[in-house]
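Engineer: Can you look at this prediction? I've put the sequence above it.
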Amino acid sequence: MTFQDLIARLTRYWADQGAVVAQPFDMEMGAGTMHPETFFRVLGKTPWKVVYVQPSRRPADGRYGENPNRLYKHHQLQLILKPAPQSIQDLYLESLAACGVDAAQHDLRFEEDNWAAPTLGAWGVGWQVVLDGLEISQFTYFQQAGGIELAPISVEITYGLERLGMYLQDVDDVYDLKWTDGVDYRTVRLADEQQSSRYAFEEADTTVLSRGFEEAITEGARLIESGLVLPGYEQCLRASHLFNLLDSRGAVSVSDRPRRILAVRGLATAAAHRYLADP
Amino acid sequence: MSGRELLIEIGCEEIPADWVEGLAADFAAAVSGGLARERLTAEKIVPYGTARRLVVHGAGIPESQPDEVREIPGPPWRVAKDADGGWSRAAAGFARRQGIEEAEFDERLQAVETSRGEYLGIRQVVSGEPAGRILPGILEDALRALPLPKAMNWDASIGGKPFAFARPIRWVVALFGDEVIPFRIAVTGGAPVVAGNRSHGHRARTAVDGEKPGASFSVDSLGSLRDGLRSRYVVLDDEERKRRLAEALGRCEEEAGESAEVGNQADVHKNLVEYPGAIAGRFPDEFLSLPKEIRDTVLIHHQKYFPFPTRPFFIAVTNLPDDPQGRVRRGAERVVVARLRDARFFWDEDRKIPLPETRPRLAGVVFHQQLGSFREKADRMEGLAAWIAGEINADAAAASHAAGLSKCDLTGNLVGEFASLQGVAGGLLLREERASEAVWQAVYDHYRPAGLEGDLPRGPEGAVVALADRADTLAGLFLAGEEPSGSGDPFALRRAALSMIRVLRDGPREYPEHRSGWPSPAALLHRALAEYAPDDQARRATAQKLAAFVQDRLPHALVGAQTPRGVVGAVLAIRNASHPVADTWQRIVDLAKAVGSGDYATLAEASRRVRRILPAGIREARGVGLDPALLTEPAECELYGMLERVEAEVSRCFGETRYFPAFQALATLSPAIATFFDDVLVMAEDPAVRANRLALLARLDALFSQVGDLSQIESAAS
């Protein structure tokens, strides 16, 4: 199964379960959870089902395209179901079956793994799903987002697409993944990995990044205050990504870290509260 | 066995493996307690638990609560009869209010005894409720009473009240005999979970012909639940899962030709899976050249697999009995090889530059904003380590060298990837670089012990670096105003203090060549502070705070499992952070032993009594001026004689720091003290005699005070 087939099948499966197929958010972020389709939709009472792919950037994980398992940017397929259906674990197994994983022939585990995103004021409980020793998904019942207790509870399932694809295609190097017939992951992504790693580790100007961080915090606060919740939240995303870049440059000291995390969380919490007050 | 059986199964999404056993036991205890409170005591209650179910089986539970006879008192008996012996108006009024006809008066009205005397009353039989009506409440209470390490909301409620649990509950079996117990959990936005008689087995496998995996099946007893689960790849009994796991591990060990290093992890694994199996995976021999510590970190911490001592194999526990197509094995091997390849890459990278040459890089790793980088920390530790090593006669050059290099691995790739290898990675690199054993082991071991528990460093130089590290951290962060407050201890300073105390406590015994010279916590911290700041008022204030902080941890750090109550407090009344910890510890251990074998109850009582009697001025005089000639009564002469002998013995033993015989000698005073207080009037009329007796007691008190505050000791015998 090609990489793009995998994406198509998972998306199709959840679309058939009634999920909205959303598109990747057009800004840099570290995880699909930060997409407004997750961050805001889990708040409040309105039921929601959504599935989308989110390219996720983790600057510190960049390896110049030389590591077969680790990437500056990887792809998550993100699912939110609100409220969480009672048969959710079975549905999840069916989604794997749709990709050709017969659970009866594999060792599949739900191992405790609680999730917390301090910059989003969010946490949940759940598992990492482990298939024959490989973590292929994160499965979380959200308990809090933007510092707000949630009811109803949403379930989030995040599929690590590269990992799952490598497993299904039986390849040991992510760059050998077949994206589609005749085109591999290397062709599509290698240059991006090489250049982004160099940027993050060698070239990024920490003064510029630091200034950008402060600007985003100030601008975000102003926008949220004036009721422009979504544009304000975009500044929160920007600040969060700039923080990750600064971190990968080793420019965040131990005592600087809590201050910056608090600043980002401040924006996320403010956006969440404002969203609920005035959705 | 009479009565009915109770079978409850709470079917869950996967409960964290290390909670399962505790929750199953707590659940059974809560059900058992609930039954007893409702007078439905079971003859037997047995818990079962797996990752996906908590099961309670009860036997011999009464059909209903026993009938209860209640006495309802009316007016006092003395006004119950009138002058001619008939029922009085008061009696008749009471009887009618209780719905008793006049014709029944003689039969029903009787005298009842109450705490306030004899009353007229009636006895009424209240019939018990059927158990079926009470069980839903017991079940709800038991579920709510479970102590969860972390509860989650899942939009559920019972009886209108929100109900958080470990993980969502997906089915409930609740049977009392063949009757389903009416019980339901409402779920907002979904169907309620209604108790019934249907359970579920393995999600993906079943041995039942024509049945879809994971489908429900009906149960009517513990036996049918156990059998139904077994044919659906779930083993209900804990012991059987353990046995199957052991057998599966044994087969893998046979394949690998060696015993695996399982440790205590098998117990967690048996609850991570419901039908334990195991596969032996193999990795290419080339990875055997990777240090075992690094290999094990990959296998154990990242994959929860079991390593082997020398063979290129590992064991993965599985939730399946077999792996006929070898898919599980291939998958596990692929993950392991990828991770080992990563680890080898980091190991090779880190070896390209000798560790000492990476030391300048520590300037880029912040220790604390106000305190600078790890480079400065390493510099301070060097000086501190040289001093400590000198005190205990260890190799000061090696200890100081190791301290200076101890943090270098923080800038390496290995620790960047596997944080738990800090220290270990540096030690391994130094060993590769042919550093002396004292140096590489000291770096390797210097995070030990992590707190009060765990192994000490292998050699004295490792202990020296550990002390230097902990003392430097405590001193620096206290200077920076980061002392813990309430539950907030972001720099884990409490643990650092316990680790320091532990090394100081056990070091002299652990390293017999270096028994003496170990500094007190206060002296060590004083020296550590000196590395930071000149001796000014701020530093002195910090030193006081630090001493108090360490002092507060001593009672916890110096209590053994068998230490009688009050012994630690008794010794710490005269020992503090400025005394060597090992000596204080020895006193506590020996006093505990003496309290266990001698009559300290009398001594403790005497100590309390003496203090009550003695005026402050006389107590402080410590018996100076005692005139033996004024002692007349046999009991006081006897006590005086004993006291002189025991004083000499205690003084001799203390001089040789042999505390146990001193404390034993002290206990021999008990009979003489008891007789003294029985026979002798301390507050004699003659002022000279009285003063002399008080002086005798003051001298006794002074002897006690050499041991500590004996009044705190509680008798071991009671």
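Structural biologist: Thanks, I have it. Numbering: from 1, shown residues only, chains lettered A, B, ... in the order given.
Engineer: per the record, what domains does chain A have?
Structural biologist: A:3-200, A:205-277 (automatic domain parsing).
Engineer: Now mean neighbour count, distance to residue B:298 and mean pLDDT too, for those, in CSV please.
Structural biologist: Any C-beta I mention is one placed from the backbone N, CA and C, and that applies to glycine too. As requested, the domains of chain A are arranged in CSV below (neighbours: other Cβ atoms under 10 Å in any protein chain shown; distance: least, Cβ to Cβ, whole Å; pLDDT from 0 to 100):
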stretch, mean neighbour count, distance to residue B:298, mean pLDDT
domain A:3-200, 19, 11, 95
domain A:205-277, 19, 24, 92
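Engineer: Which stretch among those approaches residue B:208 most closely?
Structural biologist: With Cβ to Cβ, the closest approach to residue B:208 among the domains of chain A belongs to domain A:3-200: 13.5 Å.
Engineer: Run the chain-centre distance for the closest one.
Structural biologist: 7 Å (Cα atoms, centre = their mean, to the nearest Å).
Engineer: Determine how far the last residue of it lies from the first.
Structural biologist: With Cα to Cα, to the nearest Å as the measure, the first residue of domain A:3-200 is 27 Å from its last.
Engineer: again with stretch A:104-112
Structural biologist: 21 Å.
Engineer: Point out the residues in the stretch 1-150 of chain A that sit beside chain B.
Structural biologist: Neighbours of chain B within the stretch 1-150 of chain A, by Cβ under 8 Å from any Cβ of the partner chain: A:47, A:67-70, A:83-86, A:89-90, A:93, A:102-112, A:114, A:125, A:127, A:131-134, A:141, A:143, A:149-150.
Engineer: one step back: of the domains of chain A, which is nearest residue B:36?
Structural biologist: Judged by Cβ to Cβ, the one of the domains of chain A that comes nearest to residue B:36 is domain A:3-200, at 33.1 Å.
Engineer: thinking again about what came up before, give me the subset of the residues of the stretch 1-150 of chain A next to chain B lying in strands.
Structural biologist: Counting by DSSP state E, the members of the residues of the stretch 1-150 of chain A next to chain B that fall within strands are A:108-112, A:125, A:127, A:131, A:134, A:141, A:143, A:149.
Engineer: Show me which pair in those residues is furthest apart.
Structural biologist: A:134 and A:149 (33.7 Å).
Engineer: mind listing the strands for the stretch 151-279 of chain A?
Structural biologist: For the stretch 151-279 of chain A, the strands defined by DSSP state E, counting those that start in this stretch cover A:155-160, A:178-180, A:183-184.
Engineer: these two touch, right, residue A:92 and residue A:127?
Structural biologist: No: under the criterion of Cβ atoms under 8 Å, residue A:92 makes no contact with residue A:127, lying 10.4 Å away.
Engineer: list residues touching both of those two?
Structural biologist: Both residue A:92 and residue A:127 are in contact with residue A:139, where contact means Cβ atoms under 8 Å, 6 or more residues apart in numbering or on different chains.
Engineer: Which helix runs longest in the chain?
Structural biologist: Here I'm looking at chain A. In chain A, assigned by DSSP state H, the helix with the most residues is helix A:256-277.
Engineer: my bad, the chain I had in mind was chain B
Structural biologist: Ranking each helix of chain B by length (DSSP H) puts helix B:327-351 first.
Engineer: which residues touch residue 267?
Structural biologist: Assuming you mean chain A. Taking Cβ under 8 Å, 6+ apart as the definition of contact, the neighbours of residue A:267 are A:217, A:220-221, A:224, A:232-233, A:235-236, A:239.
Engineer: You answered for a different chain; I wanted chain B.
Structural biologist: Contact criterion Cβ under 8 Å, 6+ apart gives B:21, B:242 as the residues in contact with residue B:267.
Engineer: and what of the one 3 residues further on?
Structural biologist: Residue B:270 is in contact with B:238, B:241-242, B:245, B:276, counting by Cβ under 8 Å, 6+ apart.
Engineer: Quick one, grab the pLDDT at the residue in chain B positioned nearest to chain A.
Structural biologist: Ranking the residues of chain B by distance to chain A (Cβ to the nearest Cβ) places residue B:331 first, at 2.7 Å. According to the predicted model, the pLDDT of residue B:331 comes to 91.
Engineer: how near is the nearest residue to it once chain neighbours are set aside to residue A:160?
Structural biologist: Nearest residue to residue B:331 in three dimensions, chain neighbours excluded: residue A:132, at 2.7 Å (Cβ to Cβ, 6 or more residues apart in numbering or on different chains). Between residue A:132 and residue A:160 the distance, using Cβ to Cβ, to the nearest Å, works out to 14 Å.
Engineer: All set now, cheers.
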